[in-house]
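**Q** this is a predicted model, with the sequence first.
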Amino acid sequence: MSGLVVRRHGRNDAHTVRGVVSLIHRGACVREVAGGDPSAGDAEFIGRFDRYIANRGFELVVAYEDGEPVGQAWGWPLDERSGAAWWKGLVRPPEPGFDHEDGHRTFALSALMVHRAWTRRGIARTLHDELLLHRPEKRATLLVRPGNIAAYSAYTKWGWTHRATLHPDAPFAPTLDVLTLDLTPP
C-alpha cells in the first residue's frame, strides 16, 4: 500500500466526489447488486448518500491507491434529529438514555467499504482509523447485518462491542446489530 492516499471531505464538498462514492459502492457491493438486494442498488445507495450529506458534521474519507479510488468511509455526530432517525426501531436499549443524542455524544459510522479488488490489504482499517481519528465524541456506533461475518469479525477485532438490535423502519431494511466503540482516550 505504498501508494495509498486518504482524502477527507466535509459536508460542504462531499457532493464533488459523488461519482467516486458511486464507483466504490458498485465495486464493493457487486454480489449484493447481482443478487437483487434492493437496498444495494446504486440509485438507492446514492440517494441515501445525498441525504446523509445534509447531516451537520458529516465527514467522508476516500482512499486512493496510485490515484484509483479503492475505499470510503463516512459518518456524522448524532444530534437530536439525526439520533432520533438513527435509533428508530431500536429493540430494548441496553440502558436508559442509550439512544438520547445531543450532537456531542455519539459519532455514527454509517458506511465503510472497499472495492472487492482491493480487499484484504488493510484499507478498511486505515479508513476506519482515519475517520475516527481525533473525534471529540465519547463513542461511535455502527449498524451491521448479523450474518456479515467478515465485517463483524473485523469490527470486534477493532474493539467494537454488540449492544442491541435494530429493526429499521425503511423499505428493504434488514434487521441490524448495534455496535459501539468507546472513543474516550485511556
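**A** All right, it came through fine.
**Q** after the helix or strand bottoming out on mean pLDDT in the chain, next one along is what?
**A** Within the chain, no helix or strand scores below helix 30-34, which has a mean of 57 by mean pLDDT, DSSP states H and E. The element immediately downstream of helix 30-34 (helix or strand, assigned by DSSP states H and E) is helix 42-53.
**Q** could you list the buried residues of the helix or strand that comes right after that next one?
**A** Note on helix 42-53: by DSSP H and E, the next helix or strand toward the C-terminus is strand 59-65. By 16 or more other Cβ atoms under 10 Å, the buried positions in strand 59-65 come out as 59-63, 65. In this view, the C-beta of every residue, glycine as well, is placed from N, C-alpha and C.
**Q** and strand 59-65, what does it pack against?
**A** Strand 59-65 is packed against strand 4-10, helix 18-28, strand 68-77, helix 123-132, with contacts defined by 3 or more Cβ pairs under 8 Å, 6 or more residues apart in numbering; DSSP states H and E.
**Q** can you name every helix or strand that the longest one contacts?
**A** Secondary structure elements in contact with helix 18-28, counted by 3+ Cβ pairs under 8 Å, 6+ apart, are helix 42-53, strand 59-65, strand 68-77, strand 106-114.
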